[in-house]
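In: have a look; sequence and predicted model below, questions after that.
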Amino acid sequence: MANKQSFSPEEWNKVMESVALSGMAVTAADPSGLIGLLQESFASAGALIKAKSDAGSGELIKAVVAEFETSEGRSAVREALKKRFADAKPADVSQRSIAALGEVSALLDRKAPQDAAAFKQLLSTISSKVADAAKEGSVLGFGGQKVSDAEKATLNDIAKVLGVAA
């Protein structure tokens, strides 16, 4: 089973960052205002909390969740995201996130093949939960649609780079 020691420090940072990127890709695909952003952030965090308590979560998932529980882990992810998106235009965030998820998918296949499928499924689940968290195009919660076409396309792109079912 893979854990933090299975990766170089740079690789571990990419694995950690992928958790945030899986939600950011969807959020950036069709931003839904402040309330929607908060709902989508909570959905991402909720997926991690659920993974922590899931008896079926493997060692890699538990190691990532444990790292997110530390201020150092969260700070490292924040710094990596700042660096990744420093020169990005809003429209670039989703595509850069998807590209990075593709890199992590290949890294997991190479360095943690026994844990890769479960971790990729976690990333996909986070993306889906974020997409479902807020209505797109609504006004004060009225109207709009649960998952916009842009979010559906992003979910499909994420599934494709991760090699999981959409």
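Out: Yep, that arrived.

In: show me where the chain has its strands.
Out: Per DSSP state E, the chain carries no strands over any range.

In: I figured Pro31 hits Glu40, correct?
Out: No. At 9.3 Å, Pro31 does not count as touching Glu40 under the criterion of C-beta atoms under 8 Å. The C-beta positions use only the backbone N, C-alpha and C, and glycine is treated the same way.

In: so how far is Ala55 from the spatially most central residue of the chain?
Out: By C-alpha atoms, centre = their mean, the chain has its centre lying nearest to Ser22, at 2.1 Å. Applying C-beta to C-beta, to the nearest Å, the value for Ser22 to Ala55 is 22 Å.

In: if we can go back for a sec, please say which of Pro31 and Glu40 ends up with more neighbours.
Out: More neighbours surround Glu40 than the other of Pro31 and Glu40, with 23 against 16 (other C-beta atoms under 10 Å).

In: and that one, how far from Thr70?
Out: 23 Å.

In: okay, now the unreliable bits of the chain?
Out: By pLDDT under 70, the weakly predicted segments of the chain are 135-145.

In: please name the residues that touch the residue nearest to the centre of the chain.
Out: Ser44, Ser97, Leu101, Leu123, Ser124, Ile126, Ser127, Val130, Ile158 (C-beta atoms under 8 Å, 6 or more residues apart in numbering).

In: what segments of this protein are helices?
Out: With DSSP state H, the ranges of helices along the chain come out as 9-29, 33-53, 59-68, 71-85, 90-111, 113-133, 149-162.
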